[in-house]
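Asker: return atomic coordinates for the entry below.
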Amino acid sequence: MSETTFNSDLRKPASIFNYAYKWALIGSVIYILKLYGMMLYDDNHYNPQAGGFIGGLIDILLVIATMYMCTAEYRKKELEDYMTFGKAFKVSYITGILFALFLAAFMYYFNVYQVDYDLVMSEQTDLAIKLLKEKGLTQEQINKQLSMRPEMSKTPEFASAALAISGFTLYALFALIVAAILKRNPPTH
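Answerer: Residues are numbered from 1 along each chain as shown. Below you'll find the predicted structure:
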């Protein structure tokens, strides 16, 4: 009977989902803490526009950092610090998809159980009217602008689905950026 030897250097890398799930969850928790922190700062009032441009930029950087950290950890721990562009894209994008799904699920819960969603939408409509008036639009033009929004877009279900779908598309772009930064081919001898 011959004895089979096992070469531990030929182990199969762990599933990408193990890393992606972990990092998407970490990023989502940080986002949720930021959201609640902003609400506390604003006397427990939820305003989707709070933070403005800087808040949106912080959200984008959080997503990119989450995708970057996941991909870098996977490359270092599972692939001997080498990773093709395609593999880096795959790891980053899966992380982004999970991040988008976690946030969409949380925002659905948040919009249904944590805030008065109708009040939030009413406040957002009032803000839109104010901005349109500042641009010099007549009441008829403002009404026309507001009527272009379908009724279903005013529901928490639609808001969550739109968040997930926009995440799927936007995070593909972020994954391309992360993959370009983190790809590293093994040295050729």
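
Asker: which of the helices or strands spans the most centrally placed residue in the chain?
Answerer: Central residue of the chain (C-alpha atoms, centre = their mean): Ala100, 4.4 Å from the mean position. Assessed by DSSP states H and E, Ala100 sits inside helix 85-109.

Asker: what comes up buried for that helix?
Answerer: Neighbour counts over helix 85-109 (16 or more other C-beta atoms under 10 Å) mark 87-104, 106-108 as buried. Any C-beta I mention is one placed from the backbone N, CA and C, and that applies to glycine too.

Asker: need phi/psi at Met83.
Answerer: Met83 has phi and psi values of phi -160, psi 130 when expressed as degrees, to the nearest 10.

Asker: who does it form a beta bridge with?
Answerer: Beta-bridge partners of Met83, counted by DSSP bridges, are Arg184.

Asker: list the residues that contact it.
Answerer: By C-beta atoms under 8 Å, 6 or more residues apart in numbering, the residues touching Met83 are 71, 74-75, 91, 182-184.

Asker: and of those, the nearest to Gly37?
Answerer: Among those, Thr71 lies closest to Gly37 (C-beta to C-beta), at 27.2 Å.

Asker: so that closest one: helix, strand or coil?
Answerer: Using DSSP: H, G, I helix; E, B strand; the rest coil, the structure places Thr71 in helix.

Asker: for it, which residues are in contact?
Answerer: 83, 88, 91-92, 95, 178-179, 182.

Asker: if I look at the residue nearest to Trp23 when sequence neighbours are not counted, how far off is Ile165?
Answerer: Among residues not flanking Trp23 along the chain, Cys70 sits closest, at 3.6 Å (C-beta to C-beta, 6 or more residues apart in numbering). Separation of Cys70 from Ile165 (C-beta to C-beta, to the nearest Å): 21 Å.
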